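**Q** What shape does this take:
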Amino acid sequence: MAAFCNHACGGAWKKRGMELPFLKKKEVMALDIGSSSIKLLQLRQAKKGWELAKLGIAYLPPEAIVDGSIIDSMTVTNTIAALVKEENVKTKDAVSSLTGHSVIIKKVSLPAMTEEELGESIQWEAEQYIPFPMTDVNIDFQIMGEVAAGKGQMDVMLVAVKKDVINDYVNVIREAGLNPVVVDVDSFALENMLEINYTFAPGENVVMVNIGASITSISILVGGVTAFTRSIPLGGNQFTEEIQRNFNITFKEAEDIKLGHVKGRFEQSELNKALGSVSSNVAAEVKRSVDFFLGGNPAVIVNKIFLSGGGVKVAGLKETVQEKMDMIVEVANPFNGITCNPKVFDPEKMKDLAPHFGVAVGLATRKLGDR
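**A** Predicted coordinates for the structure are as follows:
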């Protein structure tokens, strides 16, 4: 089992990640293994930027993955293998990522030292910040720079992931016949996605909110680099469960109604009320996270919020977040700066799938051996 390398991923981290020890420059496939679906994507470098080569999505049954933990490994393995076969992907090298409470990301101030010195002492330096035994986690770090107001100090971003969770994801990928070459973190992959699809003005800082099936991750990017992340156990499933509870129907029926596949069965006003209560909870958590960060960083101004993940397709969610935050909110398009051949990838289908592929696009930009 490999450990985190000396570099991590996203913005300043984008050349990094937990790399397994057979590094070569070659194509990789991105596998975003989520609670409700597995997204596969492969990019190739074109003359100008990136071009979409492969794309596919396969849905998982409820309880296969719960809160980022793999419960039914056989189902997940079989779903990955079937998806790779269906999309006719030739490469065996896969890049994946993790999110949730098993991932700890903290910005800390430490005595100034070289990267090599920190690498030798990181286990001891990190112990006071990580709420797990050091023997249970893999640790990575990125030196962010000297602290302006603290002479002899430097800012360091710590990343710790529980080893058993890494092992679970690595094992299902291997059992599917693939080589798990990089394990990244969702928030850093999303940072990479924004970088290749959007141009930001100097000093423009943004919030990235990724609403998955069971987990919503909130990241704040300052100067293009992740400065704060938080995961909350709230996502698309909560919308479905609220509909199910209000109308006394099955989860599958509620899911179809949430996604607009079934219309006219219930009064729209009652449906909006059910969806609106969860949207308000999501918006409140976004505001709480942003307010907490800004409270400790009063000189920072946040200009915009990007939304991604399947949960953003819920009617009224974007507007609720925008009202709560009183700033511009945009649904991120991970294919905004990527060439997609319309003869291969139907534009209407791509528009519908786009919210699901933010993490996968960020992962697919990884190249083995990058630093």
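
**Q** Please, which helix or strand holds the closest residue to Glu115 other than its chain neighbours?
**A** Spatial nearest neighbour of Glu115, chain neighbours left out: Ile143 (5.9 Å); criterion: C-beta to C-beta, 6 or more residues apart in numbering. (Each C-beta comes from the backbone N, C-alpha and C, glycine too.) Here Ile143, judged by DSSP states H and E, is contained in strand 137-146.

**Q** for whichever helix or strand comes after that strand, the distance to its chain's centre please.
**A** Stepping forward along the backbone from strand 137-146, the first helix or strand reached (DSSP H and E) is strand 153-162. Once both centres are worked out by C-alpha atoms, centre = their mean, to the nearest Å, strand 153-162 turns out to sit 18 Å from its chain's centre.

**Q** what's strand 153-162 in contact with?
**A** Taking contacts as C-beta atoms under 8 Å, 6 or more residues apart in numbering, the residues outside strand 153-162 that touch it are 4, 8, 13, 18, 98, 102-113, 118, 122, 125-126, 129-130, 132, 136-147, 183, 185, 226.

**Q** Which neighbours in the sheet does it have, and how are they oriented?
**A** Using DSSP bridges, the strands paired with strand 153-162 in its sheet are strand 103-111 (antiparallel), strand 137-146 (antiparallel).

**Q** Quick one: mean pLDDT for that strand?
**A** Averaging pLDDT along strand 153-162 yields 87.

**Q** By mean pLDDT, show me the worst of the strands paired with strand 153-162.
**A** Across the strands paired with strand 153-162, strand 137-146 has the smallest mean pLDDT, namely a mean of 82.

**Q** where exactly do the helices run in the stretch 151-300 of the chain?
**A** Under the criterion DSSP state H, counting those that start in this stretch, the stretch 151-300 of the chain carries helices at the ranges 163-175, 186-197, 236-247, 251-258, 268-296.

**Q** burial measure for Gly260, as a count.
**A** Here the count is done by other C-beta atoms under 10 Å, and Gly260 has 10 residues near it.

**Q** And for Asp256?
**A** Neighbour count of Asp256, defined by other C-beta under 10 Å: 17.

**Q** Can you give me the pLDDT of it?
**A** In the prediction, the pLDDT value recorded for Asp256 is 86.

**Q** What's the separation between it and Thr240?
**A** Distance of Asp256 to Thr240, computed by C-beta to C-beta, to the nearest Å: 9 Å.

**Q** Walk me through the domains of the protein.
**A** 11-101+163-198+334-364, 232-329 (automatic domain parsing).

**Q** The stretch 1-150 of the chain: helices as residue ranges?
**A** In the stretch 1-150 of the chain, helices defined by DSSP H, counting those that start in this stretch lie at 73-86, 115-126, listed in chain order.

**Q** what's the spacing between the strand holding Ile143 and its chain's center?
**A** Centroid displacement of strand 137-146 relative to its chain, using C-alpha atoms, centre = their mean, is 19 Å.

**Q** hang on, isn't Gly235 packed against Gly311?
**A** Yes - when contacts are counted by C-beta atoms under 8 Å, Gly235 is listed as touching Gly311 (5.5 Å).

**Q** Just give the closest residue to the spatially most central residue of the chain, not the sequence neighbours.
**A** With the centre of the chain defined as its mean C-alpha position, the nearest residue by C-alpha atoms, centre = their mean is Asp186, 2.6 Å away. Taking C-beta to C-beta, 6+ apart, and ignoring the residues beside it in sequence, Asp186 has Thr99 as its nearest neighbour in space, at 3.9 Å.

**Q** just Ala81 next, same as before
**A** Once its chain neighbours are removed from consideration, Ala81 has its nearest residue in Ala176; the separation is 4.2 Å (C-beta to C-beta, 6+ apart).

**Q** Tell me the spacing between the one you found and Ser214.
**A** Taking C-beta to C-beta as the measure, Ala176 and Ser214 are separated by 22 Å.

**Q** same thing with Gly49?
**A** Gly49 is 33 Å from Ser214, where distance means C-beta to C-beta.

**Q** who has more neighbours, these two?
**A** In this view Gly49 and Ser214 are compared by other C-beta under 10 Å, and Ser214 has more residues nearby, 21 against 12.

**Q** Look at that one and report its pLDDT.
**A** Model confidence at Ser214, expressed as pLDDT, equals 89.

**Q** Kindly provide the distance from it to Val361.
**A** For Ser214, the distance to Val361 - C-beta to C-beta - is 21 Å.

**Q** Over to Lys287?
**A** Taking C-beta to C-beta as the measure, Lys287 and Val361 are separated by 27 Å.
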